[in-house]
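>>> What follows is a protein structure lacking sequence information:
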């Protein structure tokens, strides 16, 4: 194997790269910022952007496997246009380059966001209809379809679920608020949540590169266990030394706002302000790893408690958390 890893500086991409290097696989990483390159034996760096088709052709030369993890994620200043430019057009460029260069297998890291964040369902699996209700989810589903439509390309698609751990900057505000005692649940916090570790996700992605006979399949890869939001919040409070939680907010008014958000997105493809936060508070969904376990031997190792601890420790080391009793 000679591997290309896109998104190698990301939370999962870095773990994929480290795991490949640990088994002495020659690796080429694609990064946009030369300052983020890191020298390692067996590691080659290619500077480029997935939106540049010519750069992707150059990056894939000589590679047998492409692990495509580069993505734009939803955020405060991220537009739908930039999401689709990176996630759809960038993936299309990678897929075409992989086909042109005769890559043995492309492994595309998608997201459970393709199912929509408003869905309330336990045991979501690969047969559950994909109904994205956010620009990010829609861009990832469109990217999946671009991979599937690249005729002659051997590929596997992985739908990753809720990655926490070292590098998960987007979750720092939640930990900070719980640590400060300013956090309030919405309702009773009974909705079920699954979190995953980047090391487990990377292990599963490598299994997709190693396992024969799984071309054109899609796999969900989520964490070891699911737990109610209230329990997850208490785990964070324990690890951060946070103050007792304030009284919960009533769920009915915010549930109505969430419904209006779904209607707004259906017609305008834009979400209402801060509506994505309600997906976390009011969400109730879990994911089924059965197919990945059966076909790949995927078995996540880290529990939710261990993932929360590792995340809190990293935030503290980075100076993002200071409150601990």
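The structure has been received and is ready for your questions. Every value quoted in this text rests on a predicted model; they were computed, and no experiment measured them.
>>> okay, CA-based contacts and neighbour counts for the rest of this
Noted.
>>> how about the strands in the stretch 51-200 of the chain?
65-68, 105-111, 120-124, 155-160, 192-194 (DSSP state E, counting those that start in this stretch).
>>> got CSV for the ones you listed, with mean neighbour count, distance to residue 223 and mean pLDDT too?
Converted to CSV, those look like this (neighbours: other CA atoms under 10 Å; distance: least, CA to CA, whole Å; pLDDT from 0 to 100):
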stretch, mean neighbour count, distance to residue 223, mean pLDDT
strand 65-68, 25, 20, 99
strand 105-111, 24, 13, 99
strand 120-124, 15, 12, 87
strand 155-160, 23, 9, 99
strand 192-194, 23, 6, 92
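>>> Tell me, how many residues neighbour residue 148?
18 (other CA atoms under 10 Å).
>>> correct me, but it touches residue 218?
No - in this structure residue 148 lies outside contact range of residue 218 using CA atoms under 8 Å: 10.3 Å.
>>> Can you list the low-confidence ranges for this protein?
76, 118, 250-255, 257-259, 261-265, 267-279, 323-325 (pLDDT under 70).
>>> at 90 instead, please
The chain contains residues with pLDDT under 90 at 33-42, 74-78, 116-122, 133-134, 181-191, 242-285, 322-325.
>>> ranges for the helices of it?
In the chain, the segments counted as helices under DSSP state H are 13-22, 53-60, 80-84, 90-100, 135-148, 172-180, 198-210, 229-240, 251-268, 275-282, 290-296, 304-317.
>>> relative to strand 105-111, how tilted is the first one?
When you say that, I think you mean helix 13-22. 150 degrees (axes from the mean of the first three to the mean of the last three CA atoms, to 10 degrees).
>>> repeat for the fourth one
Using the same axes, to 10 degrees, the inter-axis angle of helix 90-100 relative to strand 105-111 is 170 degrees.
>>> Now helix 90-100: buried residues?
For helix 90-100, a neighbour-count test (16 or more other CA atoms under 10 Å) marks 90, 91, 92, 93, 94, 95, 96, 97, 98, 99 as buried.
>>> who touches that helix?
With CA atoms under 8 Å, 6 or more residues apart in numbering as the contact definition, helix 90-100 has outside contacts at 49-53, 56-57, 60, 66, 68, 106, 143, 146-147, 150, 152-153.
>>> again, 6 Å this time
Applying CA atoms under 6 Å, 6 or more residues apart in numbering, the contact partners of helix 90-100 are 50, 51, 53, 56, 57, 143, 146, 147, 153.
>>> How about the fifth one?
Judged by CA under 6 Å, 6+ apart, the contacts made with helix 135-148 from elsewhere in the structure are 74, 80, 84, 87, 88, 91, 92, 95, 110, 113, 114, 132.
>>> okay, the angle between that helix and strand 105-111?
Going by the same axes, to 10 degrees, helix 135-148 makes 160 degrees with strand 105-111.
>>> The last one now?
Inter-element angle recorded for helix 304-317 and strand 105-111: 90 degrees (by the same axes, to 10 degrees).
>>> can you pull the buried residues of helix 304-317?
For helix 304-317, the neighbour count (16+ other CA under 10 Å) marks 304, 305, 307, 308, 309, 310, 311, 312, 313, 314, 315, 316 as buried.
>>> rewinding a little: now the contacts of helix 135-148 as JSON lines including distance to residue 164?
Listed next are those as JSON lines, based on distance: CA to CA, whole Å:
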{"residue": "74", "distance to residue 164": "16"}
{"residue": "80", "distance to residue 164": "24"}
{"residue": "84", "distance to residue 164": "24"}
{"residue": "87", "distance to residue 164": "21"}
{"residue": "88", "distance to residue 164": "24"}
{"residue": "91", "distance to residue 164": "24"}
{"residue": "92", "distance to residue 164": "27"}
{"residue": "95", "distance to residue 164": "28"}
{"residue": "110", "distance to residue 164": "16"}
{"residue": "113", "distance to residue 164": "15"}
{"residue": "114", "distance to residue 164": "19"}
{"residue": "132", "distance to residue 164": "21"}
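>>> Nearest to residue 322 among those residues?
Minimum distance to residue 322 across the contacts of helix 135-148 is 26.7 Å, recorded for residue 74 (CA to CA).
>>> can you pull the contacts of that closest one?
Residues near residue 74 by CA under 6 Å, 6+ apart: residue 136.
>>> Could you tell me which residues make contact with residue 122?
Per CA under 6 Å, 6+ apart, neighbours of residue 122: 285, 286.
>>> And it, how far from residue 300?
Separation of residue 122 from residue 300 (CA to CA, to the nearest Å): 18 Å.
>>> re the thing from before, will you turn the buried residues of helix 304-317 into CSV that also has distance to residue 234?
What follows is the buried residues of helix 304-317, written out as CSV (distance: CA to CA, whole Å):
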residue, distance to residue 234
304, 12
305, 10
307, 13
308, 10
309, 12
310, 15
311, 14
312, 13
313, 16
314, 18
315, 17
316, 18
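>>> sorry, back to before: what would the helices of the chain look like in JSON lines with distance to residue 35?
Below are the helices of the chain laid out as JSON lines (distance: least, CA to CA, whole Å):
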{"stretch": "helix 13-22", "distance to residue 35": "15"}
{"stretch": "helix 53-60", "distance to residue 35": "18"}
{"stretch": "helix 80-84", "distance to residue 35": "23"}
{"stretch": "helix 90-100", "distance to residue 35": "22"}
{"stretch": "helix 135-148", "distance to residue 35": "27"}
{"stretch": "helix 172-180", "distance to residue 35": "24"}
{"stretch": "helix 198-210", "distance to residue 35": "23"}
{"stretch": "helix 229-240", "distance to residue 35": "32"}
{"stretch": "helix 251-268", "distance to residue 35": "38"}
{"stretch": "helix 275-282", "distance to residue 35": "32"}
{"stretch": "helix 290-296", "distance to residue 35": "36"}
{"stretch": "helix 304-317", "distance to residue 35": "21"}
